[in-house]
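Asks: Quick one, what's the 3D model for this:
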Amino acid sequence: MRFIYIFTMLLLLNACSSGSTSRYSMEHDAAPVRAPTALEMQDAKVVPVIKSASAGRPYTVLGKSYTPMLDETGYSEYGIASWYGRKFHGHNTSNGEVYDMFAMTAAHKTLPLPSFLRVTNTANGKSVIVRVNDRGPFHQDRLIDLSYAAAYKLGYYNQGTAKVKLEAITLSNSAKKTYIQVAAGSKLTNIQALAAQLRQQYKIPTNIIRKNNLYKLHLGPIKNAQHAQTVLNKLKQSQYKNAFLLYTQ
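Replies: You can find the predicted model right below:
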């Protein structure tokens, strides 16, 4: 067990952005000589995973200590993304996988390994789903390191960094859709008028569900659970006291 722990710490110390050059043939990172293919830029598939116990232990890099999360559920954060490429291509990541700059992967300092994230470039709205399988980047101003393919898809591979939003994706929330039932009534025209009003106000799609002779107005689907709760609170503070959340698979 002691050998495994030491080996893991060595992997962490040599992760994507630690600055060590002893195990790499290149001194400085660089982009590949070709662009990613359309197939390579497909989102990572969210699948059941076994979390790495060794990569979940607290660790220290460059004099700073990090404590990985036990569970990524509900994680959401804004920050700066960078990318890493040829220098690290073919080397082991912090959880023992092999880094592929053309795969949809990423490095994060504290998320469980592996885990899945939706990364959105706030400047252009482009998003990608990546598999987090590495530690880094170990720079104070950077939140995440994406593979070259992921950075290419998000449109910032030429700039080097971009401001992004991170949202954890788990099997439970990747399939689940969140709606808000706002109101119900027997007159379709009234429900349609209300739907148009709320659609304009909250910039969220609406659905009208008919059950027997009753029309139910749903707002959604809403991808972000925190956003759904915020909208629900606003609705309740106005005249929609009976609004509530709905979850569907």
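
Asks: Could you check how far residue 54 is from residue 88?
Replies: 20 Å (C-beta to C-beta, to the nearest Å). For glycine as for every other residue, the C-beta is placed from the backbone atoms N, C-alpha and C.

Asks: Between these two, which is the more surrounded one?
Replies: Shown here are residue 54 and residue 88; by other C-beta atoms under 10 Å, residue 88 has more neighbours (26 against 18).

Asks: show me the biggest helix of this structure in terms of residues.
Replies: helix 188-202 (DSSP state H).

Asks: Residues touching the helix or strand following that helix, excluding its own?
Replies: For helix 188-202, the following helix or strand on the C-terminal side (DSSP states H and E) is strand 206-211. Strand 206-211 has contacts (C-beta atoms under 8 Å, 6 or more residues apart in numbering) with 179, 188, 191-192, 195-196, 198-199, 215-220.

Asks: ok, and the most crowded of those residues?
Replies: residue 219 (25 neighbours).

Asks: Show me the helices in the chain, by range?
Replies: 2-13, 148-154, 171-175, 188-202, 225-237.

Asks: what packs against the second one?
Replies: In terms of contacts (3 or more C-beta pairs under 8 Å, 6 or more residues apart in numbering; DSSP states H and E), helix 148-154 is packed against strand 76-84, strand 115-121, strand 127-134, strand 162-169.

Asks: Pull out the buried residues from stretch 33-46.
Replies: For stretch 33-46, burial by neighbour count (16 or more other C-beta atoms under 10 Å) applies to 36, 40-41, 43-44, 46.

Asks: Residue 109: which of those residues is nearest?
Replies: residue 44 (19.2 Å; C-beta to C-beta).

Asks: what's the spacing between the nearest residue to residue 31 once chain neighbours are set aside and residue 91?
Replies: Nearest residue to residue 31, sequence neighbours excluded (C-beta to C-beta, 6 or more residues apart in numbering): residue 85, at 5.3 Å. Look at residue 85 and residue 91: by C-beta to C-beta, they are 12 Å apart.

Asks: Pick out whichever of those two has more residues nearby.
Replies: Between residue 85 and residue 91, counted using other C-beta under 10 Å, the more crowded position is residue 85 (21 against 16).

Asks: contacting residues around that one?
Replies: Contacts of residue 85 by C-beta under 8 Å, 6+ apart are 29-32, 101, 147-148.

Asks: repeat for residue 213
Replies: Residue 213 neighbours (C-beta under 8 Å, 6+ apart): residue 186.

Asks: Distance check, it against residue 188.
Replies: According to C-beta to C-beta, residue 213 stands 10 Å off from residue 188.

Asks: and the closest residue to residue 156 other than its chain neighbours, how many neighbours?
Replies: Once flanking residues are discounted, residue 156 sits nearest to residue 162: 3.6 Å by C-beta to C-beta, 6+ apart. Residue 162 is flanked by 22 other residues according to other C-beta under 10 Å.

Asks: Who is residue 162 paired with across the strands?
Replies: According to DSSP bridges, the partner residues bridging residue 162 are residue 81.

Asks: Please tell me how far it sits from residue 227.
Replies: Distance, residue 162 to residue 227, by C-beta to C-beta: 22 Å.

Asks: Check residue 211 too.
Replies: 26 Å.

Asks: Low-confidence regions, the chain specifically.
Replies: Residue ranges of the chain with pLDDT under 70: 1-25, 173-176, 247-249.
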